[in-house]
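Q: the following block contains a protein sequence and its predicted model.
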Amino acid sequence: MVIWRALLLVYRSIDVTGFRHTLGEDDVAAGLDSFGRFPALAAELSGGEVGVAFEVAHAARPLRSLTPMGDGMLWPSPDDTRAELDRLAPPGAWDSVFALWPQRDPATGAHVPTGGWGLAIRATEWSNGATYATVANADAGVWARPVMGEVWLHEWLHGVCDVFAGRGFEMPPRDADGGGEAGYAQTPSEGWSAYYRDLMSGRVQVGDRLLGIPPAAWRTGSILTPAPLGPSPLAGEEAEGRRGGRSGQC
Ligand SMILES: [Zn+2]
């Protein structure tokens with residue numbers, strides 16, 4: 001099993017022009033609970049080929065800027081999380097970085113217009129070499145439907161598919177977003193799991209070929225491989241060590 005190292009940055013507060021909001025303890029807990037289901041989902045759907053080892057870091061400052069993504073929409077790009085990225089996720093530290101951010105105040109309906117609940121980009125120098133994905137706060141019911149943790153898996157898969165495509169493994173069109181085109185459907189009980197399972201085992205049929213991430217791809221290692229699992233760059237109360245066992249743009 002390849003170990004994929006992931007860091008979740010939690011922004012409890014946002015303070016940008018026109019929108020200021022702080023998540024409640026329950027809102028943060030719901031996001032963390034969802035994220036905590038993602039490693040097991042990744043392990044299961046990959047047939048045990050990948051284990052996600054993660055840590056959580058709480059940003060000490062509010063998110064103070066956002067990056068335009070067209071049509072008046074905004075998102076927390078690596079430019080906006082730069083202070084935490086450079087301190088907690090320097091190059092070589094993590095395979096994947098995630099950020100949970102306050103995008104909507106459910107009490108008032110005030111929100112930042114953005115491109116999606118989850119957004120992801122591939123691993124480049126912009127994100128210090130890690131895949132990078134952001135997920136906005138949501139109501140408890142949204143986190144739970146249809147499969148807890150699926151949003152993180154989905155965004156992570158965009159980045160991961162790009163990594164393996166770069167190693168010569170062909171992905172189905174639009175990788176994590178390609179379920180419908182490949183003939184799969186989202187179900188009320190399993191979400192897109194059937195598609196992700198085939199995507200994560202290289203069994204998505206496109207024409208006469210089977211595409212995705214086969215075991216042989218996982219076995220080429222994570223982004224940081226062959227770097228061994230070393231000490232975390234996090235320290236003190238900021239780190240909540242957890243271990244368990246998902247970029248593009250959504
Ligand atoms: Zn997507």
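A: Arrived safely.

Q: same for the helix or strand that Leu100 is a member of, what does it pack against?
A: According to DSSP states H and E, Leu100 maps onto strand 96-101. On a contact count with 3 or more C-beta pairs under 8 Å, 6 or more residues apart in numbering; DSSP states H and E, strand 96-101 meets strand 2-10, helix 25-45, strand 131-136, helix 150-166. (C-beta placed from N, C-alpha, C; glycine too.)

Q: paired strands for the following helix or strand past that strand, with orientation please.
A: The helix or strand immediately downstream of strand 96-101 is strand 118-121, counting by DSSP H and E. Here strand 118-121 has these sheet partners by DSSP bridges: strand 131-136 (antiparallel).

Q: rounded mean pLDDT for the helix or strand that the strand it pairs with is followed by, please.
A: Scanning forward in sequence from strand 131-136 by DSSP H and E, the next helix or strand is helix 140-144. Averaging pLDDT along helix 140-144 gives 89.

Q: contacts for helix 140-144 next, please.
A: With contacts defined as C-beta atoms under 8 Å, 6 or more residues apart in numbering, helix 140-144 is touched by Asp26, Ala30, Gly31, Asp33, Ser34, Trp117, Val151.

Q: show me which of those residues is closest to Trp75.
A: Trp117 (11.0 Å; C-beta to C-beta).

Q: so what's that closest one up against?
A: Counted by C-beta under 8 Å, 6+ apart, Trp117 has contacts Val135, Ala136, Ala138, Val142, Val151, Cys250.

Q: PyMOL command for the buried members of these?
A: With 16 or more other C-beta atoms under 10 Å as the criterion, this PyMOL line picks the buried residues out of these:
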select buried, resi 135+136+138+151+250
